[in-house]
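Colleague: Okay, predicted coordinates and the sequence, questions at the end:
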Amino acid sequence: MASTRTQVAIVGAGPSGLLLGALLARAGVDAVIVEQRSADYVLGRIRAGVLEQVTVDLLDEAGVSGRLHAEGLPHDGVNLAFDGVLHRIDLKALTGKHVVVYGQTEVTRDLMEARAAAGLRTVYEAQDVAVHGFDGGQPFVSYTLRGEPHMLQCDFIAGCDGYHGVCRASVPAEALQTHEKVYPFGWLGILADVPPVAHELIYAHSEHGFALCSMRSAARSRYYVQCALDDHAERWSDEAFWAELKRRLPADVAAQVLTGPSIEKSIAPLRSFVAEPMRFGRLFLAGDAAHIVPPTGAKGLNLAAGDVGLLSRALAEFYGGSSRGIDTYSERCLQRVWKAERFSWWFTSLMHRFPDTGSFGQRMQHAELSYLVSSEAASKALAENYVGLPLAF
Ligand code: RFL
Ligand code: PHB
């Protein structure tokens, strides 16, 4: 069996694993990433689009933000639509901050390219990845590559392998507390090379269900509509999608939607999930491996970035002689995670049509939406959460 050694073995080359690898490299800590898919497969997943300032700062720190600053779209506001009217929440005026629209695919590509250029090791297409010995002093990751068994010895394992990964699943059940809420709908999303309908995002509440108008660039749009959990993307023609989207938007906005062939169409289920603690001996969980939010608040990727920002500092401190950072990692992450869970759950509950909401529930949603856009205090609470809460470094 081929055996190699590193300081930190990172499982998963999604945004958490790649950003952690970049931050550790900057801090002089050696890390190897083990990913079960190919780089092209990872880049083919269309996901997040909105970056908080905290995430942009971490990408700056990792030295991978050149294209993000050149091509990312800073947004000073976000729109809520209901009762046929668009209401703008002025993020900049309310918080002094903005968000940047730049796709997760691009963040991932930038991180992968910087990693390859720096000659840092990533093992793609690793089979049968397993984590061992993290409750003792000699952890290691085993995997098979092109039929050959491999062993990666390390000081620490970073579980950056997403919700379905092997790391969280390897922790003894009694050491883990999990909290979960599954929502009774999903999001059907499409990507199309047409200019976006508006310069800023539109979150729309309507009697036909939720819709979101987002974008990747001035020429590429990303749209979503709430759909049934048992729906299938193949059942939706492009024409049916555009018609459904327009039905859920204010008429004057719908009239401006430019349509075209979709280049991607998929359904994502909505879930809230937290596993705690986020550390077991020498194994740390980060990003979707530890927590999931429904996408309504655009928090998933940003939480992942925050986790690895804290973890990279904690590990650098450890090699500098202090274990304070790794000892408080889980607690500091979870403080921010639970607040983002609350915001994402609240925003999801407010904006979607629930199958079992009666007329009273619908009136409550309306009253809250109308309060949100007419009270500066309420708008500010939304804006403060949307641009992102601070990290407890
Ligand atoms: P990922 O991206 O799932 O990456 C995990 C990686 O681990 C690999 N892996 C394994 N590798 C080795 N061995 C194993 N046994 C492994 N098992 C899995 C996987 O192949 C993968 O490469 O987790 P990570 O890095 O923690 O990143 C999390 C983000 O991807 C996620 O939170 C966001 O995409 C969520 N999200 C959004 N977040 C935002 O901040 N803003 C948004 O606007 C936003 N929109 C979204 C979203 C997620 C969506 N979907 C589809 C879930 C919109 C959508 C539609
Ligand atoms: C996206 O552009 O994919 C996106 C934007 C905002 C969200 C979720 C997804 O809240």
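Modeller: Done, it's in. Numbers count the residues shown, from 1 in each chain. Ligands and ions are numbered 1, 2, ... in the order given.
Colleague: what are the phi and psi angles of Arg5?
Modeller: Backbone torsions of Arg5, given as degrees, to the nearest 10, read phi -130, psi 150.
Colleague: so it bridges to which residues?
Modeller: Arg5 has the following beta-bridge partners by DSSP bridges: Gln153.
Colleague: Contact residues of the stretch 1-150 of the chain facing ligand 2?
Modeller: The stretch 1-150 of the chain has residues Ala48, Gly49, Val50 near ligand 2, with proximity defined as C-beta under 6 Å from any ligand atom. The way it works is simple: take the backbone N, C-alpha and C, and place the C-beta from them, glycine included.
Colleague: want to throw these into TSV with distance to Gly136, pLDDT and neighbour count?
Modeller: Compiled in TSV, those are given as follows (distance: C-beta to C-beta, whole Å; pLDDT from 0 to 100; neighbours: other C-beta atoms under 10 Å):
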residue	distance to Gly136	pLDDT	neighbour count
Ala48	36	85	22
Gly49	41	89	23
Val50	41	97	26
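Colleague: which one among the residues you listed gets closest to ligand 2?
Modeller: Using C-beta to the nearest ligand atom, Gly49 is the member of those that sits closest to ligand 2, with 2.6 Å.
Colleague: Let me know whether that closest one touches Gln104 as I believe.
Modeller: Yes - using C-beta atoms under 8 Å, Gly49 and Gln104 qualify as a contacting pair, with a distance of 7.0 Å.
Colleague: Now the terminal residues of stretch 381-393, how far apart.
Modeller: Stretch 381-393 stretches 23 Å from its first residue to its last (C-alpha to C-alpha, to the nearest Å).
Colleague: got the contact list for it?
Modeller: Stretch 381-393 is touched from outside by 52-55, 78, 89-91, 94-95, 97-99, 297-299, 302, 306, 309-310, 313, 332, 335-336, 339-340, 343, 347, 372, with contacts defined as C-beta atoms under 8 Å, 6 or more residues apart in numbering.
Colleague: count of neighbours near His208?
Modeller: A count of neighbours around His208, defined by other C-beta atoms under 10 Å, yields 14.
Colleague: Contacts only, for it.
Modeller: His208 sits next to Glu244, Arg247, Arg248, Arg353 when contact means C-beta under 8 Å, 6+ apart.
Colleague: one more time with 10 Å
Modeller: Residues near His208 by C-beta atoms under 10 Å, 6 or more residues apart in numbering: Val225, Gln226, Glu244, Leu245, Arg247, Arg248, Leu249, Arg353.
Colleague: Number of residues surrounding the third one?
Modeller: Glu244 is surrounded by 18 other residues when neighbours are defined as other C-beta under 10 Å.
Colleague: Would you state the strands of the stretch 51-200 of the chain in chain order?
Modeller: Listed from the start of the chain, the stretch 51-200 of the chain has strands (DSSP state E, counting those that start in this stretch) covering 73-75, 77-82, 85-90, 99-101, 122-123, 127-132, 140-145, 148-153, 156-159, 177-192.
Colleague: shared neighbours of Gly49 and Gln104, anything?
Modeller: Residues touching both Gly49 and Gln104 (C-beta under 10 Å, 6+ apart): Arg216, Leu301.
Colleague: If we ignore the residues flanking it in sequence, what's nearest Val50?
Modeller: Ala298 (3.8 Å; C-beta to C-beta, 6 or more residues apart in numbering).
Colleague: gap between the two ends of stretch 285-299?
Modeller: Its start and end residues considered, stretch 285-299 measures 17 Å (C-alpha to C-alpha).
Colleague: Relative to the whole chain's centre, how far out is that stretch?
Modeller: What separates the centre of stretch 285-299 from the centre of its chain is 5 Å, taken as C-alpha atoms, centre = their mean, to the nearest Å.
Colleague: Same question for stretch 269-276.
Modeller: Here the centre of stretch 269-276 is set off from its chain's centre by 12 Å, with C-alpha atoms, centre = their mean.
Colleague: Would you confirm that Phe111 contacts Cys160?
Modeller: To be clear, residue 111 is Leu; Phe isn't right here. No - contact between Leu111 and Cys160 fails when scored by C-beta atoms under 10 Å: they sit 11.8 Å apart.
Colleague: So which other helices or strands are in contact with the helix or strand hosting Gly17?
Modeller: Under DSSP states H and E, the secondary-structure element containing Gly17 is helix 15-26. If you count contacts as 3 or more C-beta pairs under 10 Å, 6 or more residues apart in numbering; DSSP states H and E, helix 15-26 packs onto strand 8-11, strand 31-34, helix 39-43, helix 53-61, helix 104-117, strand 122-123, strand 156-159, helix 300-319.
Colleague: Averaged pLDDT, that helix. What do you get?
Modeller: Rounded to a whole number, the mean pLDDT of helix 15-26 is 98.
Colleague: where does it sit relative to the chain's centre, distance-wise?
Modeller: Using C-alpha atoms, centre = their mean, the offset of helix 15-26 from its chain centre is 15 Å.
Colleague: Check stretch 351-364 too.
Modeller: Averaging C-alpha positions (C-alpha atoms, centre = their mean) puts stretch 351-364 27 Å from its chain's average.
Colleague: just stretch 312-326 next, same as before
Modeller: 25 Å.
Colleague: Check stretch 325-336 too.
Modeller: Counting by C-alpha atoms, centre = their mean, stretch 325-336 comes out at 19 Å from the chain centroid.
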